[in-house]
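1. Take this sequence and fold it.
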Amino acid sequence: MKTIQDFLNLNFFTKTILAVYVFFIVRLHLKSGLQYQTLDVFNVTILLVGAISLVATAHLIEYLFSSKKLLNLTIKLLFISIYIWVGHYHLRSRTNLDFAVMADNASSVFYSESIQVLWDIFTKKDIATNLVIIALLIFLEIRWKKISSTAKIQRPHQNVIISLAIYSAIMFGTPYSYDEFTSFNQSIYRYYFPDSRFTVRPNLKNPFPYINTNDTFFKNSSPGAPNIFIIMVESFNFNYVHKKGPNDKEITPFFNNLIAQGLFFDNFWGNSVQTARGQLSILCSIPTITRQQVFTHYPQLRLNCISDILKKYNYNTLFFKAYSDIDFDNTGEFIANNGFEHIHAMTKSIKAKYSKNPDAIRSWGWGIQDNFFYEIFFNYLDELHQNNIAQNINKHFFAALTTVSNHQKFNQIPEDIQHIYKNPQNITEGYANSLHLTDEYLKTFFSELDKRDYLKNSIIMILGDHSFPMGEHYSYAAENGFYSENFKTPLLLIWKGQKNFLGIDHTPRSQLDIPPTILDILNISTVNHFVGSSLFQDKTSFIPLIQPYSGYYIGSLNYPFKYMYHGKTKREFVFNLKHDPQEKNNLIENKNLALIIKKARQDTAKILLNDALIKANQIWK
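-> As a prediction, the model looks like this:
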């Protein structure tokens, strides 16, 4: 009995952190139902458990630092301040702080652009709230020693053991917590000890299951092999194709007009939610790993990407990045290891050498405007072409270009080029301005292309490196959520003179299908490890969907059914996208879908097999 009394004996520090806990519970509830609270037994239990975990944490802090008063006071104030920051992070980003975001992106966190993105999450009101609360607590400490006051614990040693036991039980025994501190700690545990529901092991009899020889299906009427350009548009949300802003002004008018000139895939999906993850699928046709990143953690992974293959088939291979540092996300090393010969970011030297007017280049957000990026690329290509002629080399060009004008947070566009919304008031309006400019700058690519006779026989593939949600389900961050807007992005193929490159295709496809399609178009049948299928092949397989953050979602799309599993809550979701495109009705309990759900779970397990193959370096021999 005395042990319980000790545990429930709360000092001012404990009461303060509980007040902060309740403050954010209420704010999250009121903000569009972001973390909507109900009075059912389960939810009330989770609420109480969150409070109990904070009481246990407070007791542990009190005990561990009780002998040093200044350190004790500092730790308490720091804990409260950090909790307020993390609470505001949840409020603004609409998801708990997830350790996976920090661990997977540790190599890029200190770039100035990354710091700016993190800082932009918080409002002036958030900063003021934190400062006012901490200032008030310091005043109460100076005046009445409130924070350093201790509760009267009769059995301190037993109390700390009980507190540790209670916290451990909550930490490891509950599916999730409303306590931001415990929620973050649980995300650390999930990161290093993922849920075993879909655990699979590679087949020792077939240690390289991806290796195969592709078939060809495309009927090519072109007199020679084409040049191939892949334009990976930053953060391209499919829902903005044909979307209009104020006064019926189209967000992407140029892209919309291009659709009539090419083959448009309106059911196309990115396989994950970040640039490097998308590039892996687009260039190498394997899904990203669900934890860590291949570019940063497995740069020496044996692969045979489309660039490796085309280099053997008389192609110069180029990778151009509109950002200024090729080493961001370790892109440079990974790309160099996988078949690209000419690799450049928009450094000062590149801009100075290949821009006709370097002083006119405008930079904002994450890099130079895409129109200048395209001009620099084509000037570089001209030089390479002339060098080939001088050396009597007849090579085609394969180039992967990754743009940057439409990078989050979409809030640094100069006022004179805010064409959709003047002085945007929110991220949605900023995104519309940003994507509109990206669309406008795409004209430069085609105008530069048309100037060059040596590039007349060229295929252009335009797609998103990943999508980006814009409030469709109250989310405005790629690392939050699992709905279609997190993954669905456009794909447009243009090849003048080819009848097979006209029309609209409704077949569900994904980024994994790009390399097999290129082989098919070029009539190359070769051994490869590509997971996807040619866009001109009737046979399609499931589409893997990977959200490594927001508590970790993995799933599979076998259209019209989309299955997703949430590692944090252990919940499963099934949606019929044909009849329920807004994904409002979870069909997981529908017994008529038992076989479909079973197949979806089996497909999802293959995503974990992919993890195992990457870690074991068993993609390519």
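2. Show me this structure divided up by domain.
-> 2-192, 212-615 (automatic domain parsing).
3. The shortest one - what's its average pLDDT?
-> Same thing as domain 2-192. Mean per-residue pLDDT for domain 2-192: 92.
4. how many other residues sit next to Lys31?
-> Look at Lys31: counted by other C-beta atoms under 10 Å, it has 15 neighbours. Heads up, the C-betas are built off the backbone N, CA and C, glycines and all.
5. what sits against it?
-> For Lys31, the contact set (C-beta atoms under 8 Å, 6 or more residues apart in numbering) comprises Leu91.
6. That one and Asn392: what is the separation?
-> The spacing between Lys31 and Asn392, counted by C-beta to C-beta, to the nearest Å, is 66 Å.
7. State the phi and psi torsions of the nearest residue to Tyr36 once chain neighbours are set aside.
-> Once flanking residues are discounted, Tyr36 sits nearest to His29: 6.0 Å by C-beta to C-beta, 6 or more residues apart in numbering. His29 adopts backbone torsions of phi -70, psi -40, taken as degrees, to the nearest 10.
8. Kindly confirm whether my reading is correct that His29 touches Asn43.
-> No - here His29 lies out of contact with Asn43, judged by C-beta atoms under 8 Å, at a distance of 10.9 Å.
9. Could you tell me which residues touch both of the two?
-> Gln37.
10. Next, count neighbours for Val527.
-> Neighbours of Val527 (other C-beta under 10 Å): 12.
11. can you check the one 4 residues further on too?
-> Counted by other C-beta under 10 Å, the residues lying close to Val531 total 24.
12. now the helix or strand harbouring Leu77: how far from the chain's centre is it?
-> For Leu77, the enclosing helix or strand under DSSP states H and E is helix 69-93. What separates the centre of helix 69-93 from the centre of its chain is 27 Å, taken as C-alpha atoms, centre = their mean, to the nearest Å.
13. i'd like the first residue to be 50 from this point on
-> Shifting the count to begin at 50 puts that one at helix 118-142.
14. now whichever helix or strand comes after that helix, how far from the centre of its chain.
-> Using DSSP H and E, the next helix or strand after helix 118-142 towards the C-terminus is helix 148-153. Computed by C-alpha atoms, centre = their mean, the chain-centroid distance of helix 148-153 equals 12 Å.
15. Go ahead and name everything in contact with helix 148-153.
-> Contacts for helix 148-153 (C-beta under 8 Å, 6+ apart): 158, 233, 236-237, 239-240, 340-342, 345, 528, 597-598, 601.
16. Quick check: nearest residue in space to Leu498, chain neighbours excluded?
-> Leu504 (5.6 Å).
17. Render the CA-only coordinates of stretch 305-316 in PDB, please.
-> These are the backbone C-alpha positions of stretch 305-316, laid out as PDB (Å, rounded to 0.1, in the frame of the first residue of the first chain):
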ATOM      1  CA  ASN A 305      -1.500  18.700 -69.100                       C
ATOM      2  CA  ASN A 306      -0.900  19.600 -72.800                       C
ATOM      3  CA  LEU A 307       2.000  17.200 -73.100                       C
ATOM      4  CA  ILE A 308      -0.400  14.300 -72.100                       C
ATOM      5  CA  ALA A 309      -2.000  14.500 -75.600                       C
ATOM      6  CA  GLN A 310       1.500  14.000 -77.200                       C
ATOM      7  CA  GLY A 311       2.400  10.900 -75.200                       C
ATOM      8  CA  LEU A 312       1.400   7.800 -73.300                       C
ATOM      9  CA  PHE A 313       0.000   8.700 -69.900                       C
ATOM     10  CA  PHE A 314      -0.300   6.300 -67.000                       C
ATOM     11  CA  ASP A 315      -3.000   7.600 -64.700                       C
ATOM     12  CA  ASN A 316      -2.700   4.700 -62.200                       C
END
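18. Looking at that stretch now, give me its mean pLDDT.
-> For stretch 305-316, the per-residue pLDDT averages 98.
19. Could you tell me which residues within it count as buried?
-> By neighbour count on 16 or more other C-beta atoms under 10 Å, the buried set for stretch 305-316 is Leu307, Ile308, Gly311, Leu312, Phe313, Phe314, Asp315, Asn316.
20. check contacts around the second one.
-> It refers to Ile308. When the contact criterion is C-beta under 8 Å, 6+ apart, the partners of Ile308 are Val290, Leu541, Ile553.
21. Of those, which count as buried by neighbour count?
-> Among those, the ones that count as buried by 16+ other C-beta under 10 Å are Val290, Leu541.
22. Please identify which of the contacts of Ile308 is nearest to Thr477.
-> Of all the contacts of Ile308, Thr477 sits closest to Val290, with 15.9 Å by C-beta to C-beta.
23. so the closest one touches Pro302, yeah?
-> No - look at Val290 against Pro302 with C-beta under 8 Å: they stay out of range, at 10.7 Å.
24. Now Lys500. Nearest residue, chain neighbours left out?
-> Computed as C-beta to C-beta, 6+ apart, the closest residue to Lys500 that is not its neighbour in sequence is Phe427, at 7.9 Å.
25. correct me, but that neighbour touches Leu498?
-> Yes - applying C-beta under 8 Å, one finds Phe427 in contact with Leu498, separated by 7.4 Å.
26. ok, the two, which is more surrounded?
-> Phe427 (21 against 18).
27. Just say helix, strand or coil for that one.
-> With DSSP: H, G, I helix; E, B strand; the rest coil as the basis, Phe427 sits in helix.
28. Model confidence score at it, please.
-> 99.
29. now do the one 3 residues further on
-> According to the model's per-residue confidence, Leu430 sits at a pLDDT of 99.
30. tell me the strands in the stretch 200-349 of the chain, going along the chain?
-> For the stretch 200-349 of the chain, the strands defined by DSSP state E, counting those that start in this stretch cover 261-262, 276-282, 312-314, 317-318.
31. and these as CSV, adding distance to Thr487?
-> Converted to CSV, these look like this (distance: least, C-beta to C-beta, whole Å):
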stretch, distance to Thr487
strand 261-262, 36
strand 276-282, 6
strand 312-314, 17
strand 317-318, 17
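32. Of those strands, which stretch is the most buried?
-> Highest mean neighbour count among the strands of the stretch 200-349 of the chain (mean count of other C-beta atoms under 10 Å): strand 317-318, with a mean of 26.
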